[in-house]
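Asker: Following is a predicted model, sequence given first.
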Amino acid sequence: MNDSDRLAATSNPGACDLCRVAIPSAARLFSLVRDSSSIHPYDPDQDGGRLLTACSPDHLGELQQHYRLRPFVNEELRAGKITRALRTQPGLDEEELAQVTGLNFLQIEHTLTWESERFLEEQAPRVGREEPEGGPDTRDAPEPG
Ligand SMILES: [Zn+2]
């Protein structure tokens, strides 16, 4: 599956994740951190882990610090698994979705509720605020559906 429209903008293999400078392979520093927003394109065992690439110990430290401070949200991880499953195999029914994601019905339901609540929360502050059309506020959040 070549579903990289979101990743393409952010990850450039061989470049520092902080300063984006290209690094010769011998000089790359790596670190694996926990990140509930990181979903592997196909390997569920690697979900929730992000491999950082940095050009220097300083930058590696800054990146590690960033992810250390970021909350690890189980629902976010599960939502990513569900999204991946539905992207690669659209039209799964609930039972198949559970099989593919390794989640049970309760977890799936809980996750979908969490997602829609989060969606509403994101929408809420805009209600009542005068906003000229346009100005797409695109953060790197996973898109619903
Ligand atoms: Zn760097």
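Answerer: That came through, no problem. Residues are numbered from 1 along each chain as shown.
Asker: Which elements pack onto the longest helix seen in the chain?
Answerer: The residue-count maximum for a helix in the chain (DSSP state H) belongs to helix 105-123. Secondary-structure packing of helix 105-123 (3 or more CB pairs under 8 Å, 6 or more residues apart in numbering; DSSP states H and E): helix 74-88, helix 94-101. Glycine gets a C-beta too; all of them are placed from N, C-alpha and C.
Asker: List of residues touching the shortest one?
Answerer: Contacts of helix 94-101 with the rest of the structure, by CB atoms under 8 Å, 6 or more residues apart in numbering, involve P44, R78, K81, I82, A85, L86, Q89, L92, L103, N104, F105, I108.
Asker: Pipe those into CSV and attach pLDDT per row.
Answerer: Listed next are the contacts of helix 94-101 as CSV, based on pLDDT from 0 to 100:
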residue, pLDDT
P44, 91
R78, 97
K81, 97
I82, 96
A85, 96
L86, 94
Q89, 92
L92, 94
L103, 96
N104, 96
F105, 96
I108, 96
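Asker: got CSV for those, with distance to the ion and neighbour count too?
Answerer: Listed next are these as CSV, based on distance: CB to the ion, whole Å; neighbours: other CB atoms under 10 Å:
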residue, distance to the ion, neighbour count
P44, 30, 14
R78, 32, 24
K81, 31, 23
I82, 34, 22
A85, 34, 21
L86, 35, 15
Q89, 37, 12
L92, 40, 16
L103, 36, 18
N104, 41, 10
F105, 44, 11
I108, 39, 19
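Asker: Specify which member of these is nearest to S31.
Answerer: Top of the list for closeness to S31, among the contacts of helix 94-101 and by CB to CB, is P44 at 21.4 Å.
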